[in-house]
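Undergrad: take this sequence and fold it.
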Amino acid sequence: MKKIFSYLLFVIYTSASHAAPIFSFDEPGNSFTNGSWDFALNFEVLNQVTVTGLGYYADPNTNAVDDNAVALYDSNQNLLASVVVTNTFDVFNFFRYVTITELVLDPGIYQVVGVSNGDNYTWDNVNHVFDSNIAYISNSWASDSDGIANYVGGTQTDSEFGFSGPNVFIGDSREFTDPNAVPEPSVLAILGLGFAGLAIRRRKQK
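TA: Numbers count the residues shown, from 1 in each chain. The predicted structure follows:
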């Protein structure tokens, strides 16, 4: 019975838990600005993921953003999704996210780019890690002139993770919009079936 219960907990956890930004860190390393930039992150999707939000870095000294445009592109520079991040959205692990219509990304190369609008950015962050389904490729950046999150070519590229600006959220968007969200109906169904199975098993053993 203990084995069955442990298995149920594992199924429930794996069914409901994978929702996170494509990268995260424990603490920002710096707080600095020197104009408005298009900061781009080039990354590879290793296993299919579902994007539910785009976000922009909110420096913890102010927790503020400034109508930052954020856009997601594929490797052919096709625009897949775009948002404008404002202070009306909650801060989640140093970023403010805007929910988008669910977007499935197949394995491949992508770029997320955001306009800093003169807001503080950070680099050399503490314990900077990427989701297991995502591989870091490079950062690119270019001086911004129009406030639009345009695709940034690789003319200025950092081989190690550079400036934090835009981010991408994958999985259940309620993780960043509602910390008290209830489990998905499918997870509740699994839980119900599991406990029903336990009840039947106990009856048979009597």
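
Undergrad: Leu41 against Ala135, yeah?
TA: No. Contact between Leu41 and Ala135 fails when scored by C-beta atoms under 8 Å: they sit 11.6 Å apart. Bear in mind the C-beta positions are built from the backbone N, C-alpha and C, glycine included.

Undergrad: who has more neighbours, the two?
TA: A side-by-side neighbour count of Leu41 and Ala135, using other C-beta atoms under 10 Å, places Leu41 first with 27 against 13.

Undergrad: from Thr88, how far out is the more buried one?
TA: 24 Å (C-beta to C-beta, to the nearest Å).

Undergrad: still on that earlier bit, what do Leu41 and Ala135 both touch?
TA: Counting by C-beta atoms under 8 Å, 6 or more residues apart in numbering, Leu41 and Ala135 have no shared contacts at all.

Undergrad: next SSE downstream of the least confident helix or strand in the chain by mean pLDDT?
TA: In the chain, no helix or strand scores lower on mean pLDDT, DSSP states H and E than helix 2-16, which sits at a mean of 43. The helix or strand immediately downstream of helix 2-16 is strand 20-21, counting by DSSP states H and E.

Undergrad: that next one: how far from the chain's middle?
TA: The chain centroid and the centroid of strand 20-21 are separated by 3 Å under C-alpha atoms, centre = their mean, to the nearest Å.

Undergrad: what's it packed up against?
TA: Packed against strand 20-21 by the contact rule (3 or more C-beta pairs under 8 Å, 6 or more residues apart in numbering; DSSP states H and E) you find strand 166-170.

Undergrad: who touches the strand it packs on?
TA: Contacts for strand 166-170 (C-beta under 8 Å, 6+ apart): 18-23, 39-41, 49-57, 68, 70, 72, 95, 97, 112-114, 131, 133, 149, 175-176.

Undergrad: please pick the buried ones from those.
TA: Buried members of these, counted by 16 or more other C-beta atoms under 10 Å: 18-23, 39-41, 49, 51-57, 68, 70, 72, 95, 97, 112-114, 131, 133, 149, 175-176.

Undergrad: can you tell me the distance between the two ends of stretch 42-49?
TA: Taking C-alpha to C-alpha, to the nearest Å as the measure, stretch 42-49 stretches 16 Å from start to finish.

Undergrad: buried set for it?
TA: Going by neighbour count (16+ other C-beta under 10 Å), the buried part of stretch 42-49 is Asn42, Phe43, Val45, Val49.

Undergrad: thinking the last one is in contact with Asn133, fair?
TA: Spelled out, it's Val49. Yes. Val49 is within contact range of Asn133, at 5.2 Å (criterion: C-beta under 8 Å).
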